[in-house]
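Undergrad: 3D, please:
(2 chains)
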2 protein chains.
Amino acid sequence: MTGFRHVALIGPGLLGGSLGLALRALPAPPQVRAWARRAETIVDLLECGCADMASEDLNAVVKGADLIVIATPVGVLPDLARRLVKCPGFAAGTVVTDVGSVKGCVVEKLEPIFDGAGKGHFVGSHPMAGSEKTGVAASRGDLFEGAMCLLTPGKSTDRKALQGVDKFWQALGMRTLQLDPEEHDRSVARISHLPHLNAAALVMAALDEDAQIAALAGPGFRDSTRIAAGPPQMWAEILLENREAVIAELIRLQAELGETLAFLDKVNEEDLRRYLAEAKRRRDLFSAEIDS
Amino acid sequence: MTGFRHVALIGPGLLGGSLGLALRALPAPPQVRAWARRAETIVDLLECGCADMASEDLNAVVKGADLIVIATPVGVLPDLARRLVKCPGFAAGTVVTDVGSVKGCVVEKLEPIFDGAGKGHFVGSHPMAGSEKTGVAASRGDLFEGAMCLLTPGKSTDRKALQGVDKFWQALGMRTLQLDPEEHDRSVARISHLPHLNAAALVMAALDEDAQIAALAGPGFRDSTRIAAGPPQMWAEILLENREAVIAELIRLQAELGETLAFLDKVNEEDLRRYLAEAKRRRDLFSAEIDS
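TA: Numbering: from 1, shown residues only, chains lettered A, B, ... in the order given. Prediction:
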C-alpha cells in the first residue's frame, strides 16, 4: 500500500515510466495518470503500460491526484511547479515530490512556489536508481527494488506529507534515509559524483592509444576505472546539476593529491606511509560498515 | 626447465623465498643457494625449504652459480652488485637479474658495474607478483604462476642472457613482456602506482568520521577505492622507488581533474559530455583488449 489513491506522473522518462510500471504492479495499485509534453511520449507511456491514462493536458492529469511526482530534469522543475499551482484541478492538500539527483536548489526554489500559492506540500526525493538507458521505453518495474531513496525535508516541509512520501517509496521496495538538502548534495557529490569524475580523469591520464599498457593492468586498475564506462550525457547533466558541491569535492581531491605529490617530491617516506595507512584505516572501516 | 643449473638468491624476502620454493618444486630443479645478511633469515630460508643451502658468505653462495637473482630492495642493489663482482667465485659468464619494481635507475646503475668488471651479464626483471605479506616466512611456491614478468633490456644487454632470463621466468609459469627500462617505469607508474595513490587520495577526500555516508555508497565507490586497503609500508617504498615517473603521472592526473573542474566552473555541458564520452571510449577499448 502506497498510501495514495491517485498518482500523477509529470514528465516521465526512465524513472517516471518505471515508477508507473512499479505502481501498477502493486497488489492494490493507485490510479496512475501521466502528463507528457510530446505526443509520442504519450504513446510510449500507454504502450509500455506505465499509466492508466496519459495526456498533454496538465490539469486533466493532476485533477483529483493526492500525489504528484514531477519526474522531469531538475532544470525544468520550477517552471512546471508554477504551471501546476495554476491548475484548477490541483487540490490544496496534494502532496508533491520529485526524483531529481540534486536537492538544495530544488527545495529552495519549489517550496516558496507551493507555499506562496497556498496549495501543495512539497517533499524532495532522490530515488538512487537508474540505468545506462534513458527514456520511457527503457522503463523497468523492478528499478526501485532494494535501492536507496533519499528524502530531503526543508524548514517548512509538512511532516505528514514527509511521512507519506517516505511510506510511498518504501511500498516500492526502497530503503529510505532523510537528509538535509544541502547535506544531501554534499554527500552524493562526495560518494558518487566525485568518484565518477575521478574515474574518467584517471582513464584519460592512464590510457591513451598505447594498446600494450592494457597487458600490464591488474584487477586494481580495472576496478578503479570501471565506472568511467557510464553514460556520458546522463553524467554530464548530473555533475552540472550538482556543480557547486562537485566543485568543492574536486578541489578537496586535488588538495589530497597535492599532499601525496609533496611527500614524493620531498622523499618523505614516513609521512607517505602514514597517509597510506590512514587511507587504509578509513577504507577498512567503511568495508566493515557496509558489510554489517 | 629453467635453463640454469645453479641459482643463487641474494637477499631473499617474500619474492626471493617464493622463487626458491617454486624452483625447488620443478621436475628438474636447479640447485638453489641463498645469501642473507642475518642469521635468522638463513634459519627461515632453510626451515621453509626455500634453498638447498643458505649462508652469510656471499662468495660461497655465488661460487659455481650460472644465474644470480638479487632480490633485495632496489636501494641496496648497487652496493650488492659491487660486492658481487669482487667475489672470486663469481664467474665471468654468469647471468644476473633482479626483482625490483622500478627499472630505469637499476639498469642505469648496474650495467656499468658488471660491464666495468668484465664479469656477469645483467638483465633487469620485474616479476609482477606479490602479497600483502612480507618476509621469507610468507613465501609461496605458486606466487608467480600466471602472473606477468616485465624484462627491461638496456642498450648493452647481452641477447643470449636476455633470452635465458625470459625462459627462466616462463619456466615458473609467468608470461613475459620486454620493455625499455624508462618505458617500464612510466607504464607501471601509470597503470599501477598512480591508481593506488589516487584511490588513497579519493578515500581521504570522501570518507571521514561520518558513518552515514557509507549507507549512500554504491558498488562504484566500493570498487574505485578497493586498492586503498593495500599494505602502506610496501606501497610507500614502491611509490618512492619510482617517484620521478609517479610524480609525472600525478601531475598529469591533476591536469585532467583541472580540466573537468573548468567544465563545471564554466557550466560547459557540451565539453564535459565530450570528455566523459572520450573516457568511456578508452575504457571500453581497454575492456575489449583485456578480454580478448
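Undergrad: quick one: the helices in the stretch 151-292 of chain A, in order.
TA: For the stretch 151-292 of chain A, applying DSSP state H, counting those that start in this stretch gives helices covering A:159-171, A:181-188, A:194-206, A:219-225, A:232-241, A:243-265, A:269-291.
Undergrad: just those helices: most buried one?
TA: Of the helices of the stretch 151-292 of chain A, the one with the most neighbours on average (mean count of other CB atoms under 10 Å in any protein chain shown) is helix A:194-206, at a mean of 26. Bear in mind the C-beta positions are built from the backbone N, C-alpha and C, glycine included.
Undergrad: using PDB, write out every CA atom in the strand or helix carrying residue A:20.
TA: Following DSSP states H and E, the helix or strand that holds residue A:20 is helix A:14-24. What follows is helix A:14-24, C-alpha atoms only, in PDB (Å, rounded to 0.1, in the frame of the first residue of the first chain):
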ATOM      1  CA  LEU A  14      13.100   6.200 -17.500                       C
ATOM      2  CA  LEU A  15      12.500   6.900 -13.800                       C
ATOM      3  CA  GLY A  16       8.900   8.100 -14.100                       C
ATOM      4  CA  GLY A  17       8.000   5.300 -16.500                       C
ATOM      5  CA  SER A  18       9.500   2.700 -14.200                       C
ATOM      6  CA  LEU A  19       7.600   4.300 -11.300                       C
ATOM      7  CA  GLY A  20       4.300   3.900 -13.300                       C
ATOM      8  CA  LEU A  21       5.100   0.200 -14.000                       C
ATOM      9  CA  ALA A  22       6.000  -0.500 -10.400                       C
ATOM     10  CA  LEU A  23       2.900   1.200  -9.100                       C
ATOM     11  CA  ARG A  24       0.600  -0.600 -11.400                       C
END
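Undergrad: find the nearest non-adjacent residue to whatever residue of the stretch 1-150 of chain A ends up closest to chain B, please.
TA: Scanning the stretch 1-150 of chain A for the residue nearest chain B gives residue A:148, at 6.8 Å (criterion: CB to the nearest CB). Nearest residue to residue A:148, sequence neighbours excluded (CB to CB, 6 or more residues apart in numbering or on different chains): residue A:128, at 4.7 Å.
Undergrad: so what's the one you found up against?
TA: A:147, A:148, A:149, A:150, B:216, B:218 (CB atoms under 8 Å, 6 or more residues apart in numbering or on different chains).
Undergrad: okay, it and residue B:55: tell me how far apart.
TA: Separation of residue A:128 from residue B:55 (CB to CB, to the nearest Å) stands at 62 Å.
Undergrad: tell me if stretch A:202-211 is near chain B.
TA: Yes - residues of stretch A:202-211 contacting chain B under CB under 8 Å from any CB of the partner chain: A:202, A:203, A:204, A:205, A:206, A:207, A:208, A:211.
Undergrad: so what's the spatially most central residue of chain A up against?
TA: Nearest to the geometric centre of chain A sits residue A:101, at 3.0 Å (CA atoms, centre = their mean). Shown in contact with residue A:101 (CB under 8 Å, 6+ apart): A:74, A:126, A:188, A:238, A:241, A:242.
Undergrad: swap in 6 Å and give it another go.
TA: A:126, A:238 (CB atoms under 6 Å, 6 or more residues apart in numbering or on different chains).
Undergrad: wasn't it part of a strand?
TA: No - going by DSSP: H, G, I helix; E, B strand; the rest coil, the assignment for residue A:101 is coil, not a strand.
Undergrad: and the pLDDT at it?
TA: pLDDT for residue A:101: 88.
Undergrad: any idea how far it lies from residue A:128?
TA: Distance from residue A:101 to residue A:128, counting by CB to CB: 8 Å.
Undergrad: cool, and residue A:265?
TA: From residue A:265 to residue A:128 the distance is 39 Å (CB to CB).
Undergrad: contacting residues around whatever residue of the stretch 51-200 of chain A ends up closest to chain B?
TA: Proximity of the stretch 51-200 of chain A to chain B (CB to the nearest CB) peaks at residue A:200, 3.7 Å away. Contacts for residue A:200 (CB under 6 Å, 6+ apart) come out as A:228, B:276, B:279.
Undergrad: which among these gets closest to residue B:232?
TA: residue A:228 (26.2 Å; CB to CB).
Undergrad: so what's the residue count around the closest one?
TA: 29 (other CB atoms under 10 Å in any protein chain shown).
Undergrad: okay, it: pLDDT?
TA: 94.
Undergrad: which one is it nearest to, not counting chain neighbours?
TA: Excluding the flanking residues, the one nearest residue A:228 by CB to CB, 6+ apart is residue A:199, at 4.0 Å.
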